[in-house]
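*Asks:* sharing a model prediction with you, sequence too.
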Amino acid sequence: MILQLQDLLIKAKNRIEYFNDINLDIIAQWVAEFNECENLFNQLIQNQDAQKFQEISSTLQKLISEIEIIKTEGMTLVGKFKPWMSGIGMIDFPYGYKIYGQITFGILNGKGVIINTKSQMKLIGIFNNNKLQGNGTIILRNKYEINAQFDNGKITSGLTLIRFFNGVQREITTNLIIDQNQVQYMNLNYIIGQDFQYIADEFIQNQRPQSSFKILQNQNLIKEYRDKRLINGSGFNEIQDNERLHGMFQDGVLKGQGRLTDRENNLILKGEFENNRFKSGIKYYFQSQNIHENGNFDENRLLYGQGIRYYDYPDRIHEQGQFNNGLLHGVGERFYNLQINDQDETFREMGQFENGILIEGTKFYQNGNIKEKGTFNQQGLIGEGERRHSNGYIWEYGIFKNGLLNSENEKSGRVNDQGVFIEIGYFINGSLQGEGERYYNNQQKKETGYFKEGLLHGKGIKYYNNQNNQIQEEGVYKDNQLHSQEICIQYYEDGSIKSQGSFQNGLLNTNDGALYFNEYEMRGVFRNGQVSGTMRIYNRRTNTEFVSHEFQGNENFLRQAYVKGVYNSNKLNTNAESSEKRQQ
């Protein structure tokens, strides 16, 4: 039985709590009945009385039945509503507007309360079509209330009482002019608080700010409005683009500490102002309200002089130093927060900036090691400089142009991350150009000679990456391939000769070329590395030979040599690991 009553109490409480702070006779009965049930229940837990439990149960069931909770189309209706949106209760509209009392089709008529949560205003009294009629009360921002006579929602003539919640009460009277939708007080002058005096030639009800008035304390001017604008005193003025200036105004302009907000009071700027112009302080990100910039600003609200710029994340610096037109200009520092492989990494550059571009200084890896050092333009390093690996070893050094090695008049070098030179020579646009050398990571030679755009072009040599660093081929190159009418030579890894003669695009192309593999020597006409005319094959081990003037292609030639007993392998190709031909 107790559990059943507890369940009924919870259901009833869910309804009554909507009205706890509303003092209306037509609603107070529900609140009183619930409070009585709750008190009796607490008393009867120890001394159970079946009859009392039944009375409490009946009352709670009646409350639950009478007070419905309906949620629809963004509205919440709580009360006794039949027909639709008509009856006694509360309607919470989706735009921050609540009405309590006698409601007819969603409109308050009779005793009631209207609460505007956005403007923090509460209206209490008798309503006609949602407008106060007769004696009524306005409570503003829980600071003070105004009790007055109303007609169609507007204050009419008679005594107007203002009561401040700190206990101070002041009565004011004034001449009234009612002109259709405007109520105008003429020659208004009253004292509030401790010798605060309000003076205005005219005062129009519901106009904010008032056209023109002054507030004085002990005869000293505290605040003055003129033509709807704050001229002197502390407050705010509306300016262009939905913005408000807050602070101490003198002769119509903000001077000293102040802030700039939008109409919803979101911070835009905060700091020192002079003649409404922001001079120094903090600029905020609009959505997050995180600090965006901190420092001195020019007339366009751009950083000027010493300042700091932040990412849209608390205390994460993006740039700091000297600024001009909102760009780093002078000594400064920039941080890059990047996400690499799902990891946040921070890189840094510092030095001398010009219009937001580092022109001389140092760039760093996340671990603090130097990445680049020298003079820069927008594309990267220029002039003499160096570039390093993240472990600190030199990567490139020399003369740079637009971020690329460009030392055509002075040799430069490129080093791997173990400190081993991998390229030495002259560079243009980051590639070897002219005489140079290229090395394997184990310091053995890889290529030497003349280069064009990073490829061997002209006389050169390629090497194997083996114990003896044996020459792989030598001659004249074009685009990294042997290509010349001069004699070029290719070698096996053991130093024996593989081929020699004239080459085109890396293949034998000559009327008198030689190809050596195992114990065989082929000599004659080659085109694109294939037999193409008179060809002689000689077997050094058997001292036999075969000559043909008609076969095209290595395979056909070797097949015939096999038939003739000179070639003793069924592999009809010249693939081999060495030959019996050595340099003389």
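*Replies:* Received it, and whenever you're ready, just let me know what you need.

*Asks:* for stretch 266-281, measure first residue to last.
*Replies:* 16 Å (Cα to Cα, to the nearest Å).

*Asks:* give me the below-cutoff pLDDT ranges for the stretch 51-200 of the chain.
*Replies:* 157-200 (pLDDT under 70).

*Asks:* for it, just list every one of the helices.
*Replies:* Applying DSSP state H, counting those that start in this stretch to the stretch 51-200 of the chain gives no helices.

*Asks:* centre-most residue in this protein?
*Replies:* residue 312 (6.3 Å; Cα atoms, centre = their mean).

*Asks:* element containing it?
*Replies:* Following DSSP states H and E, there is no helix or strand that holds residue 312.

*Asks:* nearest spatial neighbour of it, chain-adjacent residues omitted?
*Replies:* Leaving out its chain neighbours, the residue that sits closest to residue 312 by Cβ to Cβ, 6 or more residues apart in numbering is residue 285, at 4.9 Å. In this view, the C-beta of every residue, glycine as well, is placed from N, C-alpha and C.

*Asks:* surely the one you found and residue 311 touch.
*Replies:* No. Here residue 285 does not reach residue 311: they are 9.3 Å apart, not a contact under Cβ atoms under 8 Å.

*Asks:* count of neighbours near the closest residue to residue 450 other than its chain neighbours?
*Replies:* Of all residues beyond its chain neighbours, the one nearest residue 450 is residue 458 (3.4 Å), with distances taken as Cβ to Cβ, 6+ apart. Residue 458 has 14 neighbours, counted by other Cβ atoms under 10 Å.

*Asks:* my guess is residue 458 contacts residue 477, does it?
*Replies:* Yes. The criterion here is Cβ under 8 Å, and residue 458 meets it with residue 477 at 6.4 Å.

*Asks:* common neighbours of those two, please.
*Replies:* In terms of Cβ atoms under 8 Å, 6 or more residues apart in numbering, residue 458 and residue 477 are both contacted by the residues 449, 450.

*Asks:* pLDDT score assigned to the residue nearest to residue 450?
*Replies:* Looking at residue 458, its pLDDT stands at 97.

*Asks:* contacting residues for it?
*Replies:* Contacts of residue 458 were listed using Cβ under 8 Å, 6+ apart, and they are 449, 450, 451, 452, 476, 477.

*Asks:* how about a cut-off of 10 Å?
*Replies:* 434, 435, 449, 450, 451, 452, 476, 477, 478, 484 (Cβ atoms under 10 Å, 6 or more residues apart in numbering).

*Asks:* with residue 45 instead?
*Replies:* Taking Cβ under 10 Å, 6+ apart, we find residue 45 in contact with 2, 5, 6.

*Asks:* from residue 383, how far off is it?
*Replies:* 90 Å (Cβ to Cβ, to the nearest Å).

*Asks:* my guess is residue 441 meets residue 465, correct?
*Replies:* Yes. In this structure, residue 441 is within contact of residue 465 by Cβ atoms under 10 Å, at 8.9 Å.

*Asks:* between the two, which one's more packed in?
*Replies:* Under the neighbour definition other Cβ under 10 Å, residue 441 and residue 465 were set side by side, and residue 465 has more, 15 against 12.

*Asks:* per-residue pLDDT, the residue nearest to the more buried one when sequence neighbours are not counted?
*Replies:* Spatial nearest neighbour of residue 465, chain neighbours left out: residue 440 (4.7 Å); criterion: Cβ to Cβ, 6+ apart. You'll see residue 440 listed with a pLDDT of 97.

*Asks:* isn't residue 440 right up against residue 462?
*Replies:* No. The pair residue 440 and residue 462 does not pass the contact test of Cβ under 10 Å, sitting 11.3 Å apart.

*Asks:* shared neighbours, the two?
*Replies:* Common neighbours of residue 440 and residue 462 (Cβ under 10 Å, 6+ apart) are 446, 447.

*Asks:* more crowded one of those two?
*Replies:* Remark: of residue 440 and residue 462, residue 462 carries more neighbours, 21 against 16, as counted by other Cβ under 10 Å.

*Asks:* name the element the more buried one belongs to?
*Replies:* Element membership for residue 462 (DSSP H and E) is strand 455-463.

*Asks:* quick one: contacts for residue 67?
*Replies:* By Cβ under 10 Å, 6+ apart, the neighbours of residue 67 are 11-12, 14-16, 18-19, 27, 30, 34, 78-81, 88-90.

*Asks:* scratch that, residue 141
*Replies:* 119, 120, 121, 122, 165.

*Asks:* quick one: residue 64 from residue 401, how far?
*Replies:* Taken as Cβ to Cβ, the span from residue 64 to residue 401 is 85 Å.

*Asks:* cool, and residue 376?
*Replies:* Note on residue 376: its distance to residue 401, by Cβ to Cβ, is 11 Å.

*Asks:* kindly report the same for residue 448.
*Replies:* 25 Å.

*Asks:* now do residue 394
*Replies:* 19 Å.

*Asks:* same check on residue 259?
*Replies:* From residue 259 to residue 401 the distance is 49 Å (Cβ to Cβ).

*Asks:* what's the answer for residue 255, then?
*Replies:* Using Cβ to Cβ, residue 255 is found at 52 Å from residue 401.

*Asks:* looking at those two, which has the bigger crowd around it?
*Replies:* Relative neighbour count places residue 401 above the other of residue 255 and residue 401, with 19 against 16, counting by other Cβ under 10 Å.

*Asks:* which residues does that one bridge with?
*Replies:* residue 404 (DSSP bridges).

*Asks:* follow-up on the earlier one: what do residue 376 and residue 401 both touch?
*Replies:* 382, 383.

*Asks:* may I have the residues that are in contact with the residue nearest to residue 312?
*Replies:* By Cβ under 10 Å, 6+ apart, residue 285 lies in contact with 266, 267, 268, 291, 292, 293, 310, 311, 312, 313.

*Asks:* got a ChimeraX select line for the buried ones in these?
*Replies:* Buried residues within the contacts of residue 285, by 16 or more other Cβ atoms under 10 Å, are selected in ChimeraX with:
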select :267,268,291,292,293,310,311
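
*Asks:* make JSON lines from the contacts of residue 285 and add pLDDT to it.
*Replies:* Formatted as JSON lines, the contacts of residue 285 follow (pLDDT from 0 to 100):
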{"residue": "266", "pLDDT": "94"}
{"residue": "267", "pLDDT": "95"}
{"residue": "268", "pLDDT": "95"}
{"residue": "291", "pLDDT": "96"}
{"residue": "292", "pLDDT": "96"}
{"residue": "293", "pLDDT": "97"}
{"residue": "310", "pLDDT": "95"}
{"residue": "311", "pLDDT": "93"}
{"residue": "312", "pLDDT": "92"}
{"residue": "313", "pLDDT": "88"}
